[in-house]
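>>> Take this sequence and fold it.
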Amino acid sequence: MLVIDASVAIKWYLDEPLSDAALRLAVAEPDLIAPDLVVAEVGNALWRRRRQGDISAAQVTAAGSALPHAFSELVAAAELIGDALRIAEQLDHPIYDCLYLALAWRRESVVVTADRRLAARVHGTGWDLRVRLLAGRAGQS
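Predicted structure coming up:
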């Protein structure tokens, strides 16, 4: 089981650096989970890219329909908020990312992310054991 954040999930639908790695991960790992927040975060990224003219309305619709089914489970953010707030305070980091960390902690899993800022924030904190960059472990280039 892996926790997938929005920075990885968006790569399933857009041609970006590491999109191939994100797609390989989705095929190789049948048990992908995320806080339900991932739907809003990826939806917002799709809307932004549509607004910039990078993708078509049909691509946005298809991705929006497919996204919830890409996960074996979407966990309500409301169930994670207490832990996420504690983690956010500990790391001095936005709650959005900490929801993924809270889920990984609860399920004894790791967050797979393409967000180097998150990886840098957790480096050396103990939370780095719960974060893996799409191309490697947190804190590695």
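>>> How about residue 110: what's its closest non-neighbour residue?
Distance criterion C-beta to C-beta, 6 or more residues apart in numbering; nearest residue to residue 110, sequence neighbours excluded, is residue 132 at 5.0 Å. No exception for glycine: its C-beta is placed from N, CA and C like everyone else's.
>>> For the strand or helix carrying that neighbour, name the packing helices and strands.
Element membership for residue 132 (DSSP states H and E) is strand 131-133. Contact here means 3 or more C-beta pairs under 8 Å, 6 or more residues apart in numbering; DSSP states H and E; on that basis strand 131-133 packs against strand 111-113, helix 116-122.
>>> which of the ones you listed has the lowest average pLDDT?
Among the helices and strands packed on strand 131-133, helix 116-122 has the lowest mean pLDDT, at a mean of 94.
>>> Which secondary structure elements does that helix sit against?
Secondary-structure packing of helix 116-122 (3+ C-beta pairs under 8 Å, 6+ apart): helix 95-106, strand 131-133.
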